[in-house]
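A.B. asks: Generate coordinates for the sequence data below:
(one chain, ligands or ions: 2)
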Amino acid sequence: MSETFDVIVIGSGPGGYVCAIRAAQLGMKVACVEKRETLGGTCLNVGCIPSKALLQSSENFHETTHAWKDHGIMVEGVSLDLARMQARKSEVVGANVKGVEFLFKKNKITWLKGTGRVVAAGRVAVDGTEYAAKHIVIATGSESMPLAGVAVDEKRIVTSTGALELDKVPGHLVVIGGGVIGLELGSVWRRLGAQVTVVEFLDRLIPGNDGEVAKQFERVLGRQGMKFRLGTKVTGAVASDTGVTLTVETLKSGKTEELTADVVLLAIGRRAYTEGLGLVEAGVAVDERGRVKTDGHFATNIAGIYAIGDVIAGPMLAHKAEDEGVALAERLAGQAGHVNYGVIPGVIYTAPEVASVGKTEEELKAAGVEYAVGKFPFTANGRARAMGSMDGFVKLLADKKSDKLLGAHILGPDAGTLIAEVALAMEFGASAEDVARTCHAHPSLNEAVKEAALAVGGRPLHI
Ligand code: FAD
Ligand code: NAI
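C.D. replies: Ligands and ions are numbered 1, 2, ... in the order given. A predicted model of the protein is given here:
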């Protein structure tokens, strides 16, 4: 055995690296295994951070070419330097991953470079060298879900990783999957000039989100020029040097037809990544979807082996993984860390943004909960009008009897920031009345949240 640790974390994504930092803060001797060249996992390297860098750059480009005239700002001769945009994205990623490396040094966490394998409880092999640990944490994340008949080459048929790397704006981008990745990255390339068609199996976008939000979101993206083929499945894709021919089938009619594209983005979900981890040999149980099975406290069926993040059940979100990392480290130190799964915000970083927390109306109906709805449109919010971003609304759901907030669904400018107010309120068990009686600055987008809270009680002021 080459070295002994209190904790070995396998995977340095937001789940793994945060768990490692918190465990080190609590006095444990910690190592983190990462096979990628850089720390930070999917999120920092090929996920959250590069996608948000491109979303920002492409939105800046779009605003400069489309929106500034309205403000009386006349800009001529605007052109796109995609190579520079991509280089900036890489710089943003580079700075973030260096930041994690710095935090590892600061907290005296050993980075074991290589591929980790669970040998048994207490033993991890990294490219052939064995290390001992009292606790092993599996935080190996997720990978893009494949689709039969659609062979990814990361050039013509790409996953999100390839879609973040394109060196030319495609003439026509076909996105398979009208979920978060498809609509965020579809937006990036649409804003930069691509024609974008989204092929979605279901008859709606962003399943799992509030239906009313999804409908209006579809309309807004449609106005931005995105085309949708809902209720349609892709049955095959053939790539050539010049493009891709897709065969699609409309589910209702059974009619098949061909679509041609310069690039196809496959974004139909992600699945737990456990390849080469040795879970079967170590006896660690997985569920029917290949996710590591855990109890309510991240423990697997093998004592001393735990799992967090995308590799276990729950929403595949960086902040969910982080919170699990912190909670687990605290539990390993004998504390009472926990994650409130009822209050995990989700944000889609398009323009406008979509944000939600808590239950949807559909979920409350299905559970037979009696609830009240309060809605407020951004057209009636002074700040949104000043910004020129009036699409969307705030929708709050509260228990009919107690008035306790049960959920919030926002389509609109900075929805991802606005949702934090409701998440905090829900974490404190607030009622709609509590939010309604809190003084909100004027003019601010948050006033739309306050007005929606007033609307729960049937007394909005500005509509
Ligand atoms: P990961 O971040 O996937 O990290 C796992 C790490 O483990 C990887 O670096 C991998 O190389 C390593 N690893 C795996 N197996 C081994 C092994 N055997 N040995 C050594 N190392 C190993 N979420 C958000 O909340 N907000 C967003 O804006 C957002 N945007 C996204 C955009 C895209 C394009 C994608 C793909 C995802 C996005 N996500 C976003 C989801 C987010 O990236 C994940 O939820 C998050 O990264 C999960 O963290 P994790 O620590 O569980 O795993
Ligand atoms: P997703 O689950 O959000 O969406 C996948 C979509 O593909 C769904 O609408 C589904 O109905 C559709 N679909 C499934 N099979 C299909 C088929 N055969 N043909 C056509 N459509 C099909 O998954 P996505 O977009 O790949 O994202 C993966 C994960 O990454 C998500 O769970 C998300 O949480 C995370 N993520 C989060 C982001 C954020 O928080 N802003 C950004 C990007 C990803």
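A.B. asks: how about stretch 11-19 as PDB, C-alpha atoms only?
C.D. replies: In PDB, the C-alpha atoms belonging to stretch 11-19 read as follows (Å, rounded to 0.1, in the frame of the first residue of the first chain):
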ATOM      1  CA  GLY A  11     -13.600  12.300  -9.400                       C
ATOM      2  CA  SER A  12     -12.900  16.000  -9.100                       C
ATOM      3  CA  GLY A  13     -16.200  17.500 -10.400                       C
ATOM      4  CA  PRO A  14     -18.200  19.900  -8.200                       C
ATOM      5  CA  GLY A  15     -19.300  17.000  -6.100                       C
ATOM      6  CA  GLY A  16     -15.800  15.500  -5.600                       C
ATOM      7  CA  TYR A  17     -13.600  18.600  -5.300                       C
ATOM      8  CA  VAL A  18     -16.000  20.300  -2.900                       C
ATOM      9  CA  CYS A  19     -16.300  17.100  -0.800                       C
END
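A.B. asks: Work out which residue lies at the spatial centre of this protein.
C.D. replies: By Cα atoms, centre = their mean, the chain has its centre lying nearest to Leu317, at 4.9 Å.
A.B. asks: any idea how far ligand 2 is from that residue?
C.D. replies: Remark: distance between Leu317 and ligand 2 (Cβ to the nearest ligand atom, to the nearest Å) = 5 Å. Just so you know, the C-beta spots here come from the backbone N, C-alpha and C atoms, and that holds for glycine as well.
A.B. asks: surely that residue meets Ile348?
C.D. replies: No. In this structure Leu317 lies outside contact range of Ile348 using Cβ atoms under 8 Å: 11.4 Å.
A.B. asks: sorry, back to before: identify the residues contacting the residue nearest to the centre of the chain.
C.D. replies: Ile344, Gly346 (Cβ atoms under 8 Å, 6 or more residues apart in numbering).
A.B. asks: do the one 5 residues further on as well
C.D. replies: In this structure, Glu322 makes contact with Pro14, Gly15, Val18, judged by Cβ under 8 Å, 6+ apart.
A.B. asks: Name the strands paired with the helix or strand where Leu396 lies and say parallel or antiparallel.
C.D. replies: Taking DSSP states H and E as the definition, Leu396 sits inside strand 393-399. Using DSSP bridges, strand 393-399 pairs in its sheet with strand 371-377 (antiparallel), strand 405-412 (antiparallel).
A.B. asks: How about the longest one and ligand 2, touching?
C.D. replies: It stands for strand 405-412. No. If you take Cβ under 6 Å from any ligand atom as the test, strand 405-412 misses ligand 2, and the best it gets is 13.9 Å.
A.B. asks: Output that strand as CSV, nothing but the C-alphas.
C.D. replies: Provided in CSV are the C-alpha atoms of strand 405-412 (Å, rounded to 0.1, in the frame of the first residue of the first chain):
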residue,chain,number,x,y,z
LEU,A,405,-44.5,28.5,-0.5
LEU,A,406,-44.4,25.2,-2.4
GLY,A,407,-42.8,26.2,-5.6
ALA,A,408,-41.7,29.0,-8.0
HIS,A,409,-41.3,29.1,-11.7
ILE,A,410,-39.9,32.0,-13.5
LEU,A,411,-39.4,32.8,-17.2
GLY,A,412,-37.7,36.1,-17.6
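A.B. asks: if we can go back for a sec, could the C-alpha coordinates of the strand holding Leu396 be exported in PDB?
C.D. replies: The C-alpha trace of strand 393-399 is given here as PDB (Å, rounded to 0.1, in the frame of the first residue of the first chain):
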ATOM      1  CA  PHE A 393     -43.600  36.000 -15.800                       C
ATOM      2  CA  VAL A 394     -43.100  34.900 -12.200                       C
ATOM      3  CA  LYS A 395     -45.400  32.200 -10.900                       C
ATOM      4  CA  LEU A 396     -45.500  31.300  -7.200                       C
ATOM      5  CA  LEU A 397     -47.400  28.300  -5.800                       C
ATOM      6  CA  ALA A 398     -48.400  28.200  -2.200                       C
ATOM      7  CA  ASP A 399     -50.400  25.900   0.000                       C
END
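A.B. asks: model confidence over it, on average?
C.D. replies: Mean pLDDT, strand 393-399: 98.
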